Structure formats: structure tokens, C-alpha cells
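Engineer: Give me a model of this one.
(2 chains)
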There are 2 protein chains.
Amino acid sequence: SGSGNILSDFQISAVLSDSAREKSIFIHGKLADQEAVVILEKTPIREDTLGEIFSGSRLTLDLRNDIYSTYRLQAPPHINEIKTTVVCPATQKHINKYQRQQSFLLEETWGDYQSITLPYIEKQSFSVQWVYNILEKKAEAERIVYEDPDPEVGFVLLPDFKWDQKQVDDLYLIAITHRRGIRSLRDLSSEHVPLLQNLFQKGKEAILQRYNLSASELRVHLHYQPSYYHLHVHFTKLGYEAPGCGVERAHLLADVIQNLLSDPYYYKTRTLYFPLRADNGLLSKFKEAGRL
Amino acid sequence: SGSGNILSDFQISAVLSDSAREKSIFIHGKLADQEAVVILEKTPIREDTLGEIFSGSRLTLDLRNDIYSTYRLQAPPHINEIKTTVVCPATQKHINKYQRQQSFLLEETWGDYQSITLPYIEKQSFSVQWVYNILEKKAEAERIVYEDPDPEVGFVLLPDFKWDQKQVDDLYLIAITHRRGIRSLRDLSSEHVPLLQNLFQKGKEAILQRYNLSASELRVHLHYQPSYYHLHVHFTKLGYEAPGCGVERAHLLADVIQNLLSDPYYYKTRTLYFPLRADNGLLSKFKEAGRL
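Structural biologist: This next block holds a predicted model:
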């Protein structure tokens, strides 16, 4: 066991969810008497490690049939790591977040937004302190890939926690606006087009320069509902089926800009559709209002 | 290196494809002078190995921010194996099968559609005879789940071939319009709203009746570009990440109807974005026109 392995004392309460496809698992438990969520996810297989995998591994034959054979391969541990995320202390909200839940598609008119969603967001007063920490360089400053410091149209671009930055195949960056108070798509109007265009253009340029991926290799989108109510944009590699890139939740930034240019109040008139998990408090509000 | 590790002599020619999400990689090379394909895929994390992972691993801190911290974990090799499949001797067909094609996001204005896409579609004259066979009950008649026979607003609803119909978790049905000559989103105008509304409403009712899934449990969408140019709509289970449901290709039917109601010629004015694989003929046409 490695020195300083704080997880050796982790007491497992329950597996919240797992994915055989993605080789990940979400576990609830206790770490030194505090509630914690631990997320394990195996890392992608990197091309530059193949030589070492083939030469330095232990191979056990499982079965052979004609031209096909399968083996179990034990690779050197340092090229076969598991990305581990610890949330501690974790609140019941964190635990619910990672608990596998059924989803339902909601239909939100502008009236629904005003009478159900907005009051819910305001009452919850979700903390975005961690976002301000990033913007103020109090945290993750060394992770910043690009920054435009302008207070009106500027932003910070940094890797999403989901991305281990070892390969661009699953590139995932987040652009967070310096401007505060824009909660989501619903707050956008044509006045924000310069901000969105600046972020789109400079974000693409920074990714081309740093990762050598052109704009046509990117999926640049926003979520509605977002997971936190401070405007941010997802830059993901096209072809990588990133979580949250489904049509039911994602909105291409190019479309958002196009929509605002064609109608300054597009997001204040449209019905928007989005999925919510069964345990989401906002879903209960929609139910109470007879909207689900 | 383990005894009998036949892969220690594997000569890598090329990585055919890989998946950062699924932690797999497909490699072409030579094994003792024979063509071979080697597939590596990390194994799912099993609940019954968690104790050993937490107690017996080496943990290295990557970063810490507030309640979040991330680590790299080196697990004991025997509980962190890589499934290895060897195809040897491999033919060119095997190699092509595993070769991934990169995708690029195209930007299609209405002008591009008229000058590049439409001529390409018309020149290819892709056959939709198999669609007509279904509509005329010359094929797959026994698979039809629901039909509205009306020639103007009617449609046939049947399971997609991708769905084995064993469980509703990955439900996937296709609604094909009886009306012919509507190639894609680009052909839609407000005159088609009654057709779309009828198909949406009756499709949802049929799925509720047959599979006991309510409308809020469905993702109902169209593709652009579609894989065949006869109007059809995808009904998939929300929460099932069906192929093609990403924001870069899918359009919610509810949004399509809303768009046509707000602007009868919405799809004849908008810039649309869609991904194409590098080997797609339409992509070459966009390149020739200097649009990629």
C-alpha cells in the first residue's frame, strides 16, 4: 500500500452507480468520520504507452477460436492508473447527484421559468464560490489554459475535472465568463452576443494553439439546465461522446449566437426542454405545478 | 514480462481507432510476420474488488480545490486487468472494420445547402426502395408497432434494427412518414406542422400503450444529415445514450415544430451544423468549395 493512501481507511456505505461501458464507479462512504463520495474511473489507453504495455505485461490466455484469441493482460501499474476523485466532506446533495436515477424530460415555457424554475434557483442559492475562486486565481490557477481578463467579454478556459489531459481524444475544457450574474441560457439576450462571440472565437484559437485541434473538430455547447448557475461553455472533442452532449440537454454555442442574432429575446420566449433526474428538487416543483 | 507473452514481439503498424470513453484501443500490426489486429479494453470496476483497491493501491495527489481532490491510483495488477483480443492472421476486411474515421463539424448555410448539399444528394440518388417496401408492407410488415395509414399525415412506427426489443432501457423506434419527397429538415416548412404534430402525438401514444413509457421518458428527434433522405423520426429512451443523439446531429421534434411555428421557413434560412466522417463524399464537396 502506498504511503499516505488516505483511501485505505475509506468505509464503503454503498455503490451509488457504475458504468461497465465507461469503467467507472461512484461510491458513498466515510473517510475519517466524514461523509465522502469516491469516484474511480479507469484512464484511456494511450498510444505512447503501447510499447511498454506489450513488452512489460503479463498475459494469460482465456480462450482461442480459429483466428481469434482473448487474453487477460496485467500491465505495469504506472501505465494503468485509475483516476480517483474524492468529494469530502460530501453533502446529501453530492450523494444524490451521483446516485443512479431515472430521468424525465421537462417542458419549460417562459412562464414556467418565471413561476417555477427561477424562484427555485433563487431559493436554493447554490454556491458558486468555487467558480469565483477560479476567476480570482485562488484555486486551480496553474490549470488555466487561456484567459481573456476583460471583465465584460473575458473568460477563463481550463480543463474539466473529467478530463485527465493525457490525450486529446476526450478533450473537455470549460470556459467560465468573468462576468457574473448570468445564470443560464434564460438570462441571455442580444446584449451578450459580443461576450459569446469573443469566448467562442478565442476559446477555439486557444485550443488550436495548445492542442492542435481545429474548430471543425470541436463540439462547443452549453447545458440547460446547467449544473451551476454561472455562465460557462463546454468545449469537447467531436466524436467523443461526452456526458451531457445529448440533444436533450446541450445547445451548440453557434446556434445560441444565431438564435440571439435572429431574436434578441429568443431565450425569454421559447419553450425549452431538458432532462431532470427523479430526485431533483426542481422536478418536484414542476410536478406540484402539474407540469409533469 | 510474463512467460509466454506473445505480444512482446508485436510490431505496431498503426492505431486503427480508440475510445477514451470506453478505454479501448484497436491496433494493427504484425505478429511473427502475420498481419494482426490487437484490441485492448480495460475491464469494468467490480464492486467486489473495491476493498482491495482501497487498501492495496498507491495513491498520488493531483490537485485539491475546496472539498474536491483528485488522485492517480495504481491498483494491484491482478484486479486491474486489460481484456486483450488478438485477431491473427487478420485480413484487410478486419483492418477496415476497426479503422476509425475522424469526424468534422460542417457549417451549412442555406446557400451551401443549395449549391453543395442538394446537388450532391440528387446526384447520388440514394435508393430509398427499402423504405417504400416497408410503407407498402412488402417488407418488415410483421415488425410494425403502429400505423396511421393517412397518406398526408400518416406514418409507420417500427423498431430500429439496433434495438433487440428485449428491454425498454434502450428502446429505439423509427417513425417513417407515408408522405414521400420530404428529404430532410431542409425540406420542412409550416405546411408540414400537421404531419409532424400527428406523428409526434400518435407515436408517443403508441409507445405508451405498447411499452408503458410516457412522453417524458422519450427523446424524440430527427437527424441532420439523415442517413437516408426520406423523412423519419427517431423515438429513443431518455437516458439511453443512443448513437446519433448528440447535439451536433440530433434535433428534438418538439423544437422542430416550435421553430416552424415561429418561422414557416426556419429551415430554409438557418445555418445548420452537422458532423461528417472523413470518408464521406459530401465532406469532399464542402472541402472543394472551400467550406472546410
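Engineer: ok, now how distant is A:Ala36 from A:Ala139?
Structural biologist: A:Ala36 is 20 Å from A:Ala139, where distance means CB to CB, to the nearest Å. Yep, even glycine has a C-beta here, placed from its N, CA and C like the rest.
Engineer: The two - which one has more neighbours?
Structural biologist: Remark: of A:Ala36 and A:Ala139, A:Ala36 carries more neighbours, 24 against 19, as counted by other CB atoms under 10 Å in any protein chain shown.
Engineer: Is the more buried one in contact with A:Pro89, as I believe?
Structural biologist: Yes - applying CB atoms under 8 Å, one finds A:Ala36 in contact with A:Pro89, separated by 6.9 Å.
Engineer: What's the mean pLDDT across stretch A:46-55?
Structural biologist: The average pLDDT within stretch A:46-55 is 96.
Engineer: scratch that, stretch A:191-210
Structural biologist: Stretch A:191-210 comes out at a mean pLDDT of 98.
Engineer: can you map out the strands along chain A?
Structural biologist: Listed in chain order, the strands of chain A (DSSP state E) span A:11-19, A:24-31, A:34-42, A:58-65, A:68-74, A:82-87, A:103-108, A:146-148, A:155-159, A:172-177, A:218-223, A:232-237, A:250-252, A:272-277.
Engineer: now these as CSV including distance to chain B and mean pLDDT?
Structural biologist: CSV is the format used below for these (distance: least, CB to the nearest CB, whole Å; pLDDT from 0 to 100):
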stretch, distance to chain B, mean pLDDT
strand A:11-19, 5, 93
strand A:24-31, 4, 96
strand A:34-42, 4, 97
strand A:58-65, 3, 91
strand A:68-74, 4, 93
strand A:82-87, 4, 96
strand A:103-108, 4, 97
strand A:146-148, 17, 98
strand A:155-159, 10, 98
strand A:172-177, 10, 98
strand A:218-223, 5, 98
strand A:232-237, 8, 98
strand A:250-252, 4, 98
strand A:272-277, 6, 96
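Engineer: who wins for proximity to B:Leu61 among these?
Structural biologist: strand A:82-87 (9.7 Å; CB to CB).
Engineer: Out of the strands of chain A, the one nearest B:Asn212 is which?
Structural biologist: Taking CB to CB, strand A:103-108 is the member of the strands of chain A nearest to B:Asn212, at 14.6 Å.
Engineer: ok, A:Gly51 - how many residues close by?
Structural biologist: The burial count for A:Gly51: 12, using other CB under 10 Å.
Engineer: What's the separation between the closest residue to it other than its chain neighbours and B:Phe26?
Structural biologist: Counting by CB to CB, 6 or more residues apart in numbering or on different chains, A:Gly51 lies nearest to B:Ile12, which is 7.5 Å off, once chain neighbours are set aside. Per CB to CB, B:Ile12 is found 11 Å from B:Phe26.
Engineer: for A:Glu217, same thing?
Structural biologist: 20 Å.
Engineer: Can you add distance to B:Gly281 and give the strands of chain A back as TSV?
Structural biologist: Formatted as TSV, the strands of chain A follow (distance: least, CB to CB, whole Å):
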stretch	distance to B:Gly281
strand A:11-19	36
strand A:24-31	38
strand A:34-42	37
strand A:58-65	38
strand A:68-74	33
strand A:82-87	40
strand A:103-108	35
strand A:146-148	36
strand A:155-159	35
strand A:172-177	31
strand A:218-223	23
strand A:232-237	24
strand A:250-252	24
strand A:272-277	34
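Engineer: which ones are touching A:Val109?
Structural biologist: Heads up, residue A:109 is Thr, not Val. A:Thr271 (CB atoms under 8 Å, 6 or more residues apart in numbering or on different chains).
Engineer: and with 10 Å instead?
Structural biologist: A:Thr109 makes contacts with A:115-116, A:269-272, A:291, as judged by CB atoms under 10 Å, 6 or more residues apart in numbering or on different chains.
Engineer: Sounds good, over and out.
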